[in-house]
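[1] Sequence below, structure please.
(4 chains)
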There are 2 protein chains.
Amino acid sequence: MEPVQTEDAGPVAEGREAPDGQVLGQMIRSARKEKGLTLEDVAKMAAIGRSTLSKIENNLTKPSFDIIRRLMQALDLKTPQLFVQSGKSDISGRRDYTLTGKGEHQETATYDHELLCTELTSKRMLPYISTIKARDVSEFESWVRHRGEEFMYVISGSLTLYTEHYRPLEMRAGDSVYYDSGMGHGCVSTSDEDARVLWVSLEM
Amino acid sequence: MEPVQTEDAGPVAEGREAPDGQVLGQMIRSARKEKGLTLEDVAKMAAIGRSTLSKIENNLTKPSFDIIRRLMQALDLKTPQLFVQSGKSDISGRRDYTLTGKGEHQETATYDHELLCTELTSKRMLPYISTIKARDVSEFESWVRHRGEEFMYVISGSLTLYTEHYRPLEMRAGDSVYYDSGMGHGCVSTSDEDARVLWVSLEM
DNA sequence: GAAACTTTTTCCCTATTGGCAACAAAATTG
DNA sequence: CAATTTTGTTGCCAATAGGGAAAAAGTTTC
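    You can find the predicted model right below:
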């Protein structure tokens, strides 16, 4: 049940600093400068005051979440970087490896989800190998939903993917599908044998 | 060579609303409830006051970015969802399907990359199935690098994954690896036969 | 169903934000 | 190089965030 992890020592993962208000300002300023915009330009786009933006960039204030969100939109900034938690190492320059069947299992009556590469806790995508147990379609419960995107590849067996907005999709070994996981979904093994799928989830 | 796409018409992708402070509270509350924690539990973890958290969850206040960041950490929430920009077309409520071997191929002397699910152009992850042609290790060129993260799963055959910071990793069918794709990497088939891998790339 | 306890909400008050406007600095122009 | 315009910084002040404590609502127990 223990995942096999990096058996050779990796580089020292230097914990990136969280923007404790000490760097948040610089991040925003550099993003603005990069686009060649003035305080006023950005302030207008974000519908805030020039002075407010100036203070934020100089770390003279702890801005509200609302303001930051508007700035992010105005500057078209990708957000995850703002939330990098210090201490918790990120995956920068790192890797993690899992041998077949050695992942972290989470089993229910109808599934057996195996989470892979559990050492890297700050990774953005979550890779799983799941066994979808053969069963009657009538057992189909409610939709699964979680904001994000999902990719699924059928390793062996065959299954039916049910989705909220489409008619059921028959899938066989080698087939793959990509979908908005906010759309209700769920799958059922259609053969007598269990189906094995690999899927990768991206939370948003 | 043409990918098989959604053969049934999808729903109209309605632009998702951004959390204008009207739903932020609910998101945090549901995350807390999901974990079975009380206001006090979370408040302590995030080092804020109970009352503050209560007000945030009930949308009675516009919390500071700092507070939200601490709550995110405490609740282990993925953050991008809070910044969803409406307008930009996303894959909301959609899905795309590719049959084995029907993806968009891109072949070189040493690889054959098959991009899957090409209909969904705005997806965040890029799924590929690649054939890594059997060859001599001496042919190994320079590192591949691109900002982001990558997950790889070996479907068949065996290969060696070379990475900048680690020593080579021997992988066989069923093994998987996750790594920072900004770290130099590249792989070589180690058996006489070609190796087939499935990999998913997340650009950042 | 009252008592004891837990969890959440509501006041109250101080510290701080965020916008306006004046000020200073830098760039542009004639 | 003075005048003008543009960009960035600082006071000032109303509006409000956030913490402590008390009240209210919800649970559990006997």
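[2] For the rest of this, base every contact and every neighbour count on C-alpha atoms.
    OK.
[3] From DNA strand C, how far out is residue A:77?
    Distance, residue A:77 to DNA strand C, using C-alpha to the nearest atom of the strand, to the nearest Å: 18 Å.
[4] oh sorry, the question was meant for residue A:167
    40 Å.
[5] So the residue sitting furthest away from the middle of chain A, which state does it fall into?
    The centre of chain A is farthest from one residue, residue A:51, which by C-alpha atoms, centre = their mean lies 35.2 Å away. Secondary structure, DSSP: H, G, I helix; E, B strand; the rest coil: residue A:51 is helix.
[6] Likewise for residue A:149?
    Per three-state DSSP, residue A:149 ends up strand.
[7] show me what contacts it?
    Going by C-alpha atoms under 8 Å, 6 or more residues apart in numbering or on different chains, residue A:149 touches A:178, A:179, A:180, A:181, A:182, A:201, A:202, A:203, A:204, B:123, B:124.
[8] Quick check on residue A:125: phi, psi?
    Comment: the main-chain dihedrals of residue A:125 come out as phi -100, psi 150, following degrees, to the nearest 10.
[9] Not counting sequence-adjacent ones, nearest residue to it?
    The spatially closest residue to residue A:125, leaving aside those adjacent along the chain, is residue A:202, at 4.8 Å (C-alpha to C-alpha, 6 or more residues apart in numbering or on different chains).
[10] Check the secondary structure at the one you found for me.
    Strictly by three-state DSSP, residue A:202 counts as strand.
[11] Lowest-scoring secondary structure element of chain A by mean pLDDT?
    Least confident element among the helices and strands of chain A, by mean pLDDT, DSSP states H and E: strand A:104-107 (a mean of 75).
[12] correct me, but residue A:57 touches residue A:24?
    Yes - the pair residue A:57 and residue A:24 passes the contact test of C-alpha atoms under 8 Å, sitting 7.4 Å apart.
[13] Low-confidence stretches in chain A?
    A:1-22, A:78-91, A:101, A:121, A:136-142 (pLDDT under 70).
[14] Contacts only, for residue A:148.
    Counted by C-alpha under 8 Å, 6+ apart, residue A:148 has contacts A:180, A:181, A:182, A:201, A:202, A:203, A:204.
[15] how about 7 Å then?
    A:180, A:181, A:182, A:202, A:203, A:204 (C-alpha atoms under 7 Å, 6 or more residues apart in numbering or on different chains).
[16] circling back: neighbour-wise, which of residue A:57 and residue A:24 wins?
    Set residue A:57 next to residue A:24 and count neighbours by other C-alpha atoms under 10 Å in any protein chain shown: residue A:57 wins out with 22 against 19.
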